[in-house]
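Asker: give me the fold of what follows.
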Amino acid sequence: MEVSSSGPRMETSIWSNLPDDVVDRILARLPAESFLCLRCVCKRWNALLSSPSFLSLCSKISNRRPWLIMLKRQDERIFRAYDSFLNKWHSISLSFLPYPTAEVVAASGGLLCLKTAFCLLVCNPLTKNWREFPYNSFEHNLCAIAMVAVEEPRGYKILLAGGSPDRRTEAYDSVTDSWKRTGDLPLRTNLRYEATYCDNVIYFTTSEPFMIMGYDLRKDSWLRVNAPMPESLTCNRLVSCGNQLYLFGGVGANGISRSIWVWELIQDGMEWREVQKLPEMMCKKFLAICYHNYEHICCIGHEDFICLSCFTWPEVLVYKLSRRTWHWLPRCPFIPEKASYGFKWFSLSPSLYALV
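Answerer: Okay, here's the model as predicted:
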């Protein structure tokens with residue numbers, strides 16, 4: 001090995017003659033963002049991204065870390081991805097999609113679900129593969145769209161829930177490549193748009209009166225979580241981490257939050273138990289950022305974290321469950337200092353073998 005002023009330099013005569021199968025094993029262990037550059041290196045590496053043998057190698061690598069992704073309204077052709085393991089932000093383009101105004105509405109596994117006025121799209125931002133599902137938003141008065149990745153058999157499901165007066169529910173299964181109409185949403189149920197997935201059930205919170213509804217993917221039917229909601233709630237969001245449901249909520253009076261709490265669901269879904277209270281100074285800052293407009297609050301489960309964000313602010317407040325600590329994530333360097341409106345957040349597990 002030669003040594004230059006900038007450090008060690010690999011011998012080209014050695015490394016250029018590695019067997020292809022060895023090279024493939026090395027590439028399969030690269031961080032997910034490196035796959036975005038492989039297409040530009042050579043034709044063979046470009047072809048690798050759709051090679052069944054290479055995808056099989058990648059599927060056996062279990063240390064892929066999910067990304068926390070941020071999108072800005074009117075700029076959804078690019079999203080920013082935070083890698084908690086590397087403590088680094090990446091910028092990922094969605095310019096390969098045919099609709100410049102498509103809005104990201106869900107993320108699960110390695111896939112994104114987007115909507116336009118006339119169709120839904122599902123795409124893998126690493127492989128740049130995508131497919132389209134025609135639908136007309138003017139005929140479907142949707143109150144919620146959800147997508148979840150499933151492991152056995154490998155695929156994904158999409159759920160469309162209609163609002164009043166048309167309360168029909170439609171479900172898509174990628175394994176059978178088919179849609180079906182299932183049980184209608186119960187009357188007087190005003191779902192919030194955000195969904196969370198836990199143990200084969202897609203959960204939604206509702207606007208007041210607060211309650212939690214679930215759609216059971218095994219039974220294709222709606223259910224209600226019977227645990228009484230905590231007292232004096234002014235807002236609530238639901239997330240899942242490690243197959244456990246957590247409730248985030250503001251507590252106060254007359255519609256004004258004075259504190260923020262996290263609860264977990266226990267006793268076979270019959271009781272919410274207090275987990276942690278957001279420290280007072282952090283709580284004051286977060287509520288000030290939101291201007292006490294609780295419709296702007298977003299909460300997602302991400303690995304061992306519960307991430308709390310606001311539509312009007314490009315930063316994320318994080319609760320680490322295993323350590324019971326709160327902290328702010330590093331601000332994304334791709335976002336201008338004065339940018340202060342239109343932010344949405346999702347958790348995405350980058351994957352070459354997430355098929356559309």
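Asker: can you confirm residue 26 is in a helix?
Answerer: Yes. The assignment for residue 26 is a helix, going by DSSP: H, G, I helix; E, B strand; the rest coil.
Asker: if I pick it, what's in contact with it?
Answerer: For residue 26, the contact set (CB atoms under 8 Å, 6 or more residues apart in numbering) is empty. To be clear about C-beta, it is placed using only N, CA and C from the backbone, and glycine gets the same treatment.
Asker: just residue 315 next, same as before
Answerer: So residue 315 contacts 309, 328, 329, 331 (CB under 8 Å, 6+ apart).
Asker: switch these over to TSV; also include pLDDT.
Answerer: As requested, the contacts of residue 315 are exported to TSV (pLDDT from 0 to 100):
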residue	pLDDT
309	92
328	93
329	90
331	87
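Asker: highest neighbour count among the residues you listed?
Answerer: Within the contacts of residue 315, neighbour counts (other CB atoms under 10 Å) peak at residue 309, which reaches 25 neighbours.
Asker: SS state for that residue?
Answerer: Using three-state DSSP, the structure places residue 309 in strand.
Asker: you'd agree it is up against residue 317?
Answerer: Yes. The pair residue 309 and residue 317 passes the contact test of CB atoms under 8 Å, sitting 7.2 Å apart.
Asker: related to what we said a few turns ago, which one among the contacts of residue 315 gets closest to residue 267?
Answerer: Nearest to residue 267 out of the contacts of residue 315 is residue 309 (CB to CB; 30.1 Å).
Asker: next, the contact list for the closest one, please.
Answerer: 297, 298, 299, 300, 315, 316, 317, 343, 345.
Asker: residue 40 versus that one, what's the distance?
Answerer: Note on residue 309: its distance to residue 40, by CB to CB, to the nearest Å, is 33 Å.
Asker: then residue 341?
Answerer: To residue 40, residue 341 is 34 Å away according to CB to CB.
Asker: same deal with residue 352?
Answerer: Going from residue 352 to residue 40 by CB to CB gives 16 Å.
Asker: show me the helices in the stretch 51-200 of the chain, by range?
Answerer: 52-59 (DSSP state H, counting those that start in this stretch).
Asker: which stretches of it have low pLDDT?
Answerer: 61-64, 74, 76, 136-140 (pLDDT under 70).
Asker: returning to what we had before: of residue 352 and residue 40, which one has the most company?
Answerer: residue 352 (25 against 8).
Asker: isn't that one right up against residue 57?
Answerer: No. Using CB under 8 Å, residue 352 is not in contact with residue 57, being 9.4 Å away.
Asker: for the stretch 51-200 of the chain, which segments count as strands?
Answerer: 67-72, 78-83, 88-93, 103-108, 111-115, 119-124, 129-134, 142-150, 155-162, 169-173, 178-182, 191-198 (DSSP state E, counting those that start in this stretch).
Asker: sorry, wrong one. I was asking about the stretch 201-350 of the chain.
Answerer: 201-206, 212-216, 221-224, 233-241, 244-253, 256-266, 271-277, 297-302, 305-310, 313-320, 325-328, 343-348.
Asker: give me the contact list for the fourth one.
Answerer: Surrounding strand 233-241, the residues in contact under the criterion CB under 8 Å, 6+ apart are 194, 196-198, 203-205, 210, 212, 229, 245-252, 255-257, 294, 297-306, 321.
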